[in-house]
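In: okay, sequence plus prediction incoming.
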Amino acid sequence: MSPIAPHNALELMNIAASIARQAGDLVATGRARGTGNVDIKSSPTDVVTQWDQASESLIVGRLGDLRPNDSVLGEEGTQTPGTSGITWLVDPIDGTTNFLYNLSGYAVSIAATDKAGTLAAAVYLPVTRELFVAARSHGAWLGARKLTCSPCHDLSMALIGTGFSYSSERRDAQGTRIAKMLPQVRDIRRCGAAAADLCYVADGRLDAYFEEFLQPWDLAAGLLIATEAGAVSSDFSGSPIRSEQTLLSTPGIHQAILAILAS
């Protein structure tokens, strides 16, 4: 049994939403001043800016004030232990490369998780000021509008989102997979932020999204938002979704996409 009663999912969602908006507004203000210091992480193309760190600091501080007994795990190194059974997964800027190049497709992603998975989620897009939220068993929302994934049933008419690894070796295999899929779909988009792409599936702006080698903080919030909007999730073989293989789609094309990914 979850240590947090189900009705508290809405409370946690509201906390995530408020903090995500605060962090996103900080990030947008910072971007207007320039990127500031930029450091390298796993490869020369995988970077972190001072605004990633400032955003995570704000989020962790606010969670500490409001939820002092919860654990927090952040992309930029936060590992705060807790006793409540709730762990917050924080991506202070998902799509840092977009942020670096002053492209609009970056997001702040915050998820509250328990033993059963993600309980509450918020993804905020600072440039468009769109706030996507969800609470387990309560649906997903963009503002006052309840989200529903697209009704697409024809793979040839589907718009598919994806992403690529920072590893050149992994990109070779990903390129082969894209080459197999592209002739069979309407088109493919690479927007550059997993959290945003998953929200686009929830809102019917994408009919499906697949990617490999995501981190828990990339996936946790957007996964709940998409599935609460009716999307189906799995890995590339149809087994339960995992960070190494992520597929979210509207139900009508899920099996057709699996057939391509598994080939």
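Out: All right, it came through fine.
In: every contact and neighbour count from this point should use C-alpha atoms.
Out: Will do.
In: distance between stretch 183-193 and the chain's centre?
Out: Offset of stretch 183-193 from its chain centre (Cα atoms, centre = their mean, to the nearest Å): 17 Å.
In: who's in contact with that stretch?
Out: With contact meaning Cα atoms under 8 Å, 6 or more residues apart in numbering, stretch 183-193 is reached by 94-95, 97-98, 105-107, 155-163, 182, 197.
In: repeat that for stretch 137-156.
Out: Judged by Cα under 8 Å, 6+ apart, the contacts made with stretch 137-156 from elsewhere in the structure are 10, 130-134, 158, 184-186, 201-207, 225-226, 228-231, 250-253, 256-257.
In: ok, of those residues, which come out buried?
Out: Buried subset of the contacts of stretch 137-156 (neighbour count, 16 or more other Cα atoms under 10 Å): 10, 131-134, 158, 185, 201-207, 225-226, 228-231, 250-253, 257.
In: which ones among those residues are found in helices?
Out: Secondary-structure check on the buried ones among the contacts of stretch 137-156 using DSSP state H: residues within helices are Leu10, Val201, Ala202, Ile225, Ala226, Glu228, Ile257.
In: which non-adjacent residue is nearest the last one?
Out: When you say that, I think you mean Ile257. Computed as Cα to Cα, 6 or more residues apart in numbering, the closest residue to Ile257 that is not its neighbour in sequence is Leu155, at 7.6 Å.
In: again with the first one
Out: Nearest-residue entry for Leu10: Ala135, 5.8 Å, with adjacent residues in sequence omitted and distances by Cα to Cα, 6+ apart.
In: tell me which residues in stretch 54-61 are buried?
Out: By neighbour count, and taking 16+ other Cα under 10 Å as the criterion, the buried residues in stretch 54-61 are Ala54, Ser55, Glu56, Ser57, Leu58, Ile59, Val60.
In: and the end-to-end length of stretch 128-143?
Out: Taking Cα to Cα, to the nearest Å, stretch 128-143 runs 13 Å from one end to the other.
In: in the sheet, who's paired with Lys146?
Out: Counting by DSSP bridges, Lys146 forms beta bridges with Trp141.
In: now Gly192. Its backbone dihedrals?
Out: In this entry, Gly192 is assigned phi and psi values of phi 100, psi 10 (degrees, to the nearest 10).
In: and it, how many neighbours?
Out: By the criterion of other Cα atoms under 10 Å, Gly192 has 22 neighbours.
In: what's the domain layout of this protein?
Out: For the chain, automatic domain parsing gives the domain ranges 8-146, 155-261.
In: would you list these in CSV and tack on mean pLDDT?
Out: Putting those into CSV (pLDDT from 0 to 100) gives the following:
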stretch, mean pLDDT
domain 8-146, 93
domain 155-261, 95
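In: re the thing from before, ok, now which ones touch the residue nearest to Leu10?
Out: Applying Cα under 8 Å, 6+ apart, the residues near Ala135 are Ala9, Leu10, Met13, Leu119, Ala120, Ala121, Leu224, Ile225, Glu228.
In: Provide the strand pairings for whatever helix or strand the fourth one lives in, with the direction of each partner.
Out: Just to be clear, that refers to Leu119. Assigned by DSSP states H and E, Leu119 belongs to strand 117-125. Looking at strand 117-125 with DSSP bridges, its paired strands and their directions are strand 107-114 (antiparallel), strand 130-135 (antiparallel).
In: tabulate those (TSV), appending distance to Ala262.
Out: As requested, the strands paired with strand 117-125 are exported to TSV (distance: least, Cα to Cα, whole Å):
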stretch	distance to Ala262
strand 107-114	29
strand 130-135	30
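In: how about these, which one is nearest Leu214?
Out: Comparison of the strands paired with strand 117-125 against Leu214 by Cα to Cα identifies strand 107-114 as nearest, at 13.6 Å.
In: Arg136 and Ala179, how far apart?
Out: Distance of Arg136 to Ala179, given as Cα to Cα: 36 Å.
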